[in-house]
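Colleague: Provide a 3D model corresponding to the input given below.
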Amino acid sequence: MKSSIHHVPGNKVVHTVAHNHSDQPQTQGGGVSVITKTSKAPSFLEQTITKFQVILFDSDNPDSVYAPGDYVKGQIILHVKNPLDLQFIEVVVKGEGVISWGHSSARLENYVFKRTFMAGSPDNSVITVLHPGRYATAFQYHLPTDIPSSTDYVAPLDKFSFHIGYAVEARICDYAMTKVTKGKRFLRQQVRILQEDSHPFVIQRPFSITDLPGAFTPIQHVDVLTSSILKPLKSNDGVVKLQLHRSAYSVGDSIILHIEINAKTNKPPVRGKIDLEQKVTTVNPMRTFVADIAGIEENLLTRHRRDSEVMTAAGVHISRYEFALELPRNLLPSHLPGCKLITVTYTLKARVDFAGSGGQWSAKVPLQIAPETTRRDSASSSSTVSQTFFRRPSLTFHNANNHHDGLFNSLPRPSLTPSSSSSYQHRSNSLPRPSQGSVSYDYSSFSMPRPRRDEDLISNHSRNKVRTKYKSSLFKK
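Modeller: Numbers count the residues shown, from 1 in each chain. Sure thing, here's the model as predicted:
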């Protein structure tokens, strides 16, 4: 490791190093050595771009929780201290679902990907020069109505993880570089991300448990106990009844289960066990994960019974028990509208053990688990609400070949062309129009603020490109 040594009075030697991996002082020549870390010199970008931020604002929704079909509104803020050459500034609204079952295996599903260019163009034909100043521009995007709710779930024992998240990303990108792909006859344009910022938001679909078919239909399961199950039966057969008040529950609910045992035997029930089994099936490739995610086990000889045990005149013992199983909040609902990556089913398993060699009874009934029916605060929510997972390291590359312009159609942006006399021109007749099949917007109510002062537009044909000197499509505060 390279270091510079500076002698100071008091027989001390100070080593100034760029990186230090040890906190132990080093001694040289019998003196005391003090190692100090120097702060890393700011890069050109850090000196040039002092602020680049995505802000979502809504007076009625300060926590960035939206429903499908809502409008996401926000602002991009950019402070530039020195002149900055750039290729383009883009804003992307993303929504992704990812299921992974290992370090290298994952499956991705896209729900939203809308992109617009606030300045410049990715076609490598115009180089934008951004002058020192403070810039801000607003955006608005209409969310689709068929997107799923935000989710962040990790299965027991880390068997798999499932995430659905949404975010607004803004990027300042460097000059596009043309690269020839081997074995293909086309050119692929790639750009380098100079600066980026993202703001996650939460999608919470409005949902009611009554939307599930048969949600409030009671469940009654009856089994006949024969001598092969319950030994010994003195006469006739025994009966076990399992009852639930309804067949659908929301996450966080308590499942109340009633079990009644009618049997003429000297082997009383001693132990009861209730488990909730989750089965998750992924598509393409087909994989299945099965796990018990909640359960209780109780001693039936000592626990409190709903009713006392009754013995009829015929010597039949009637025992009634009530179990309460609390559902965790971090559960994948069995109803996932808008998501095709996985299917989720739940089964309630009940088991009763009888004393000695009396045998064992068990039963399974299907259940439906619904998501929460109310919106939750994005700051205090549990892990079922999405976390920030749109992570991109700085100075990375992404493909800018298949871009979609004019996707924030409710926000027109000015059309700027090189000119020797005009400065910041707003051409209303050149506004991007919605593509076929997309939502159209009314531009009549939108007013574009004018910049503080005009700047002359000049052209320079260096590097065989047109260098455009203007304030970009971002307008000054």
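
Colleague: Burial check on residue 247, number of neighbours?
Modeller: The local packing count at residue 247 equals 18, with neighbours defined by other CB atoms under 10 Å. In this view, the C-beta of every residue, glycine as well, is placed from N, C-alpha and C.

Colleague: Touching, it and residue 213? I think so.
Modeller: No. With contact defined as CB atoms under 8 Å, residue 247 does not reach residue 213; the gap is 9.4 Å.

Colleague: pLDDT on the helix or strand harbouring residue 85, on average?
Modeller: In this structure, residue 85 sits in strand 84-86 according to DSSP states H and E. What strand 84-86 shows for mean pLDDT is 85.

Colleague: Pairing partners for that strand, with directions?
Modeller: Looking at strand 84-86 with DSSP bridges, its paired strands and their directions are strand 126-130 (antiparallel).

Colleague: Can I get the partner strand as PDB, trimmed to CA atoms?
Modeller: The C-alpha atoms that make up strand 126-130 are tabulated as PDB, following Å, rounded to 0.1, in the frame of the first residue of the first chain:
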ATOM      1  CA  VAL A 126     -27.400  15.100 -30.100                       C
ATOM      2  CA  ILE A 127     -25.100  16.000 -27.200                       C
ATOM      3  CA  THR A 128     -26.700  18.100 -24.500                       C
ATOM      4  CA  VAL A 129     -24.800  20.700 -22.500                       C
ATOM      5  CA  LEU A 130     -26.500  21.500 -19.200                       C
END
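
Colleague: The helix or strand following that strand packs against which elements?
Modeller: Downstream of strand 126-130, the next assigned helix or strand under DSSP H and E is strand 133-142. When contacts are defined as 3 or more CB pairs under 8 Å, 6 or more residues apart in numbering; DSSP states H and E, strand 133-142 sits against strand 71-80, strand 106-120, strand 475-476.

Colleague: Render the CA-only coordinates of the longest one in PDB, please.
Modeller: Written as PDB, here are the backbone C-alpha positions of strand 106-120 (Å, rounded to 0.1, in the frame of the first residue of the first chain):
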ATOM      1  CA  ALA A 106     -34.800 -16.500 -10.500                       C
ATOM      2  CA  ARG A 107     -37.900 -15.800 -12.500                       C
ATOM      3  CA  LEU A 108     -39.000 -12.200 -13.400                       C
ATOM      4  CA  GLU A 109     -42.300 -10.800 -14.400                       C
ATOM      5  CA  ASN A 110     -42.800  -7.200 -15.500                       C
ATOM      6  CA  TYR A 111     -45.900  -5.300 -14.600                       C
ATOM      7  CA  VAL A 112     -45.000  -1.700 -15.400                       C
ATOM      8  CA  PHE A 113     -42.200  -0.200 -17.500                       C
ATOM      9  CA  LYS A 114     -42.800   3.300 -18.800                       C
ATOM     10  CA  ARG A 115     -40.000   5.500 -19.900                       C
ATOM     11  CA  THR A 116     -39.600   9.100 -21.000                       C
ATOM     12  CA  PHE A 117     -36.700  11.300 -21.900                       C
ATOM     13  CA  MET A 118     -36.700  14.700 -20.100                       C
ATOM     14  CA  ALA A 119     -33.600  15.900 -22.000                       C
ATOM     15  CA  GLY A 120     -31.600  14.700 -24.900                       C
END
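
Colleague: Show me what the longest strand belonging to the chain is packed up against.
Modeller: Of all the segments assigned as strand in the chain under DSSP state E, the longest by residue count is strand 187-203. In this structure, strand 187-203 packs against strand 49-56, strand 65-66, strand 161-173, strand 177-180, strand 397-399, with contacts taken as 3+ CB pairs under 8 Å, 6+ apart.

Colleague: mind checking which of those strands is nearest residue 337?
Modeller: Put simply, out of the helices and strands packed on strand 187-203 the one that sits nearest residue 337 is strand 161-173, at 11.8 Å, with distance taken as CB to CB.

Colleague: what angle sits between that closest one and strand 187-203?
Modeller: If you take axes from the mean of the first three to the mean of the last three CA atoms, to 10 degrees, strand 161-173 sits at 120 degrees to strand 187-203.

Colleague: ok, strand 161-173: who's next to it in the sheet?
Modeller: Here the strand partners of strand 161-173, with direction, are listed using DSSP bridges: strand 88-100 (antiparallel), strand 151-154 (antiparallel), strand 187-203 (antiparallel).

Colleague: mind checking which of these is nearest residue 282?
Modeller: For the strands paired with strand 161-173, distance to residue 282 was read as CB to CB. The smallest value, 5.9 Å, belongs to strand 88-100.

Colleague: Check which residues of the closest one are buried.
Modeller: Judged by neighbour count using 16 or more other CB atoms under 10 Å, the buried positions of strand 88-100 are 88-97, 99.

Colleague: now stretch 342-351
Modeller: 342, 344, 346, 348, 350.

Colleague: ok, residues contacting it?
Modeller: With contact meaning CB atoms under 8 Å, 6 or more residues apart in numbering, stretch 342-351 is reached by 99, 162, 242, 244, 255, 257, 259, 272-283, 292, 323, 325, 332-334, 336, 360-369.

Colleague: Flag the shaky bits of the stretch 101-250 of the chain, pLDDT-wise.
Modeller: Judged against pLDDT under 70, the low-scoring parts of the stretch 101-250 of the chain cover residues 103-105, 124-125, 176-190, 227-237.

Colleague: swap the cut-off to 80 and go again
Modeller: Residues of the stretch 101-250 of the chain meeting the criterion pLDDT under 80: 102-106, 121-127, 156-159, 174-191, 210-211, 225-237.

Colleague: Endpoint to endpoint, stretch 278-291 covers what distance?
Modeller: Taking CA to CA, to the nearest Å, the first and last residues of stretch 278-291 lie 5 Å apart.

Colleague: pLDDT averaged over that stretch, what's the number?
Modeller: 87.

Colleague: what comes up buried for that stretch?
Modeller: Buried residues in stretch 278-291, counting neighbours by 16+ other CB under 10 Å, are found at 278, 280, 282, 287, 289.

Colleague: Just want the angle from the helix or strand where the last one lies to strand 106-120.
Modeller: It refers to residue 289. With the criterion set as DSSP H and E, the secondary-structure element containing residue 289 is strand 287-299. Strand 287-299 and strand 106-120 meet at an angle of 120 degrees, taking the same axes, to 10 degrees as the criterion.

Colleague: Does anything pack onto strand 287-299? Which helices or strands?
Modeller: Taking 3+ CB pairs under 8 Å, 6+ apart as the contact cut, strand 287-299 packs with strand 269-282, strand 317-326.

Colleague: so which of the buried residues of stretch 278-291 comes closest to residue 64?
Modeller: Distance from residue 64 was checked for each of these by CB to CB. The minimum falls on residue 280, at 28.4 Å.

Colleague: partner residues bridging that closest one?
Modeller: For residue 280, the beta-bridge assignment (DSSP bridges) gives partners residue 289, residue 344.

Colleague: ok, it to residue 204 distance?
Modeller: Separation of residue 280 from residue 204 (CB to CB, to the nearest Å) stands at 22 Å.
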